[in-house]
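Asker: I would like the atomic coordinates for the input below:
(2 chains, ligands or ions: 2)
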Amino acid sequence: MYKVKISNLVKSFGTGNVLNGINLNIKEGEVVCIIGPSGSGKSTLLRCINALEVASGGTIIVDDYEITNPQVDINRVRRNIGMVFQQFNLFPHMTALKNITLAPRALKLLNKEEAEERAFSLLKRVGLESKAHSYPHMLSGGQQQRVAIARALAMNPDVMLFDEPTSALDPEMVGEVLGVMKSLADEGMTMVLVSHEMGFAREAADRVIFLDDGVIVEENEANELFANPQNERTKNFLNMIL
Amino acid sequence: MSYIDLLRESWPRLLQGLVITLELTVISLIVATCLGLLFGLLSISKNKFLRGIAGFYISIFRGTPMIVQAMFIYFGITGATGINMSAYTAGLITLALNAGAYISEIFRGGIQSVNPGQMEAARSLGLSYSMSMIRVILPQAIRMMTPALINQYIITLKDTSIISVIGVRELTQSGKLIIASNFRSAEIWFTVGLMYYITVYILSKAGRLIERRMSYVQSKNK
Ligand SMILES: Nc1ncnc2c1ncn2[C@@H]1O[C@H](COP(=O)(O)OP(=O)(O)OP(=O)(O)O)[C@@H](O)[C@H]1O
Ligand SMILES: [Mg+2]
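Answerer: Ligands and ions are numbered 1, 2, ... in the order given. Model prediction:
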């Protein structure tokens, strides 16, 4: 059924609400794309889903874990939620391989051989088998982001969060990262992403959500939302970016 | 007596002093580095109380002269509590606590200079705070800290001479005692100075080597 259930989510950083009552249910295998102006709370929403930001109110349930319950073992829950960052955040003192094997090894989920085997197959999947022993600084932005995706996948998450995964990339590298994400979507991964890549949203997203001022203003199937926005704010925003 | 003869005569005592100086340096720095890690971590803790403890310790030892610290620990504490402590032990404690305060600040700075995205990435994989610290943050922090740390090690090596005020027979005190018996102030202080200089020189060369071996080209991810 629902992989992610968000009800009445409120987040404030002290002054005013950044998120103001978000209700959002995401089905297993669904790909949801969040768009909205800068400062509208997109990253905050995404980061609440794996508790990098602690919600101020409301509930978030991922799988059967209630993230917003302070009693929950957050480290356990986070294993099931992969996150990919705009700035990649690869560990610079480790090779691509080590970046990928770190968490499964440190958490004793896999032994060294198993972890490396999985890492190699993930690297192959993102087209970087030959870069296993390269350090992040030796890789291009697109390659780093693909390693970061492989690193998140190494924990076998059942939800993946992407926060503007291509906006720090040179234009010629956007495609390779979106390609990997598309194949993930095709394989049935549940994905929530913040991105203004309209082409990707059209092709891969089941739903596009327009966030403004901490509320979901409008949501719809991608082509429908882009072609027939109902709300004035949505129209203005789409006019600005399309 | 020529300088060579003077050296020959006082060399055993100077060497003994140097050994004590090195002992004090090595032992106190091992302890100080552990203290520095501990209080450095406390000083970035979310817990106000723990941060307070770290802040208090650091400010006390940075805010008072080491000579006063040594006197207080040796004469003050032994006098007030009746605990019997040798000058050597008191000297070690002073050096360790003093360097520990500075090294805490070095750790804090090192940890805070690591991009916060690193901690977030580690936590998002399900690693605990301490595991993220050990596997991801500290290895990067320590690389960045190395020059400052080596600088502090050199300062502490030289600061061992302050411990002579409580009568520990390290290099400086040995020099003082030799001069008291032969009044060859210029030659002995010159020799003592030279011995410090050579030791510091070796330490800083070794430090440079370690620094180079540990460095990787830091990717700024930006
Ligand atoms: N840690 C924080 N402390 C205080 N305010 C914050 C913090 N993080 C975010 N905010 C504020 O919350 C609001 C929403 O930020 P958020 O990063 O979620 O926006 P966004 O939609 O992702 O924007 P962008 O498109 O620029 O990434 C902004 O006004 C921001 O200044
Ligand atoms: Mg953002």
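
Asker: Skipping adjacent residues, who's closest to residue B:45 in space?
Answerer: If the residues on either side of it in the chain are set aside, residue B:45 comes closest to residue B:51, at 5.5 Å by Cβ to Cβ, 6 or more residues apart in numbering or on different chains. Using the backbone N, CA and C atoms, a C-beta is placed for each residue, glycine as well.

Asker: got the buried residues for the one helix or strand the one you found maps to?
Answerer: Assigned by DSSP states H and E, residue B:51 falls within helix B:48-63. Burial within helix B:48-63, assessed by neighbour count using 16 or more other Cβ atoms under 10 Å in any protein chain shown, is assigned to B:54, B:57, B:58, B:61.

Asker: ok, now which ones touch the first one?
Answerer: Taking Cβ atoms under 8 Å, 6 or more residues apart in numbering or on different chains as the definition of contact, the neighbours of residue B:54 are B:39, B:40, B:42, B:43, B:45, B:104.

Asker: just the second one next, same as before
Answerer: Residues in contact with residue B:57 (Cβ under 8 Å, 6+ apart) are B:39, B:100, B:101, B:104.

Asker: For the longest helix along chain B, name the packing helices and strands.
Answerer: Longest helix in chain B, counting residues (DSSP state H): helix B:3-43. If you count contacts as 3 or more Cβ pairs under 8 Å, 6 or more residues apart in numbering or on different chains; DSSP states H and E, helix B:3-43 packs onto helix B:48-63, helix B:87-112, helix B:138-159, helix B:171-182, helix B:185-214.

Asker: buried sites along the third one?
Answerer: By that I understand helix B:138-159. Neighbour count says helix B:138-159 has B:138-146, B:148-150, B:152-154, B:156-157, B:159 buried, by 16+ other Cβ under 10 Å.

Asker: same deal with the fourth one?
Answerer: Across helix B:171-182, burial judged by 16+ other Cβ under 10 Å covers B:171, B:172, B:173, B:174, B:175, B:176, B:178, B:179.

Asker: follow-up on the earlier one: now the element after the helix holding residue B:51, going C-ward?
Answerer: With elements assigned by DSSP H and E, the helix or strand that comes after helix B:48-63 is helix B:66-71.

Asker: For residue B:123, give me its contacts.
Answerer: Counting by Cβ under 8 Å, 6+ apart, residue B:123 touches A:52, A:75, A:78, B:129, B:132.

Asker: Secondary structure element holding residue A:196?
Answerer: Secondary structure (DSSP H and E) places residue A:196 outside all helices and strands.

Asker: so how many other residues sit close to it?
Answerer: Residue crowding around residue A:196 was assessed by other Cβ atoms under 10 Å in any protein chain shown; the count is 17.

Asker: thought it was touching residue A:35?
Answerer: Yes: contact between residue A:196 and residue A:35 holds when scored by Cβ atoms under 8 Å: they sit 5.9 Å apart.

Asker: can you map out the strands along chain A?
Answerer: Remark: strands assigned in chain A by DSSP state E are A:2-12, A:17-27, A:31-35, A:57-62, A:65-66, A:81-84, A:159-163, A:190-194, A:207-212, A:215-220.

Asker: Parallel or antiparallel, list what pairs with the third one.
Answerer: When you say that, I think you mean strand A:31-35. Sheet pairing of strand A:31-35 (DSSP bridges) gives strand A:190-194 (parallel), strand A:207-212 (parallel).

Asker: Buried deepest among these, which one?
Answerer: strand A:190-194 (a mean of 24; mean count of other Cβ atoms under 10 Å in any protein chain shown).

Asker: neighbouring contacts of it?
Answerer: A:3-4, A:26-35, A:42-43, A:46, A:49, A:158-165, A:181, A:184-185, A:205.

Asker: cool, stretch A:132-142 as well?
Answerer: A:88, A:90-97, A:99, A:119-120, A:123, A:131, A:144, A:147, A:168-170, A:173-174, A:176-177, B:216-219, B:221.

Asker: circling back to that earlier point, from the buried residues of helix B:138-159, list the ones also adjacent to chain A.
Answerer: With Cβ under 8 Å from any Cβ of the partner chain as the criterion, the buried residues of helix B:138-159 include B:139, B:140, B:143 near chain A.
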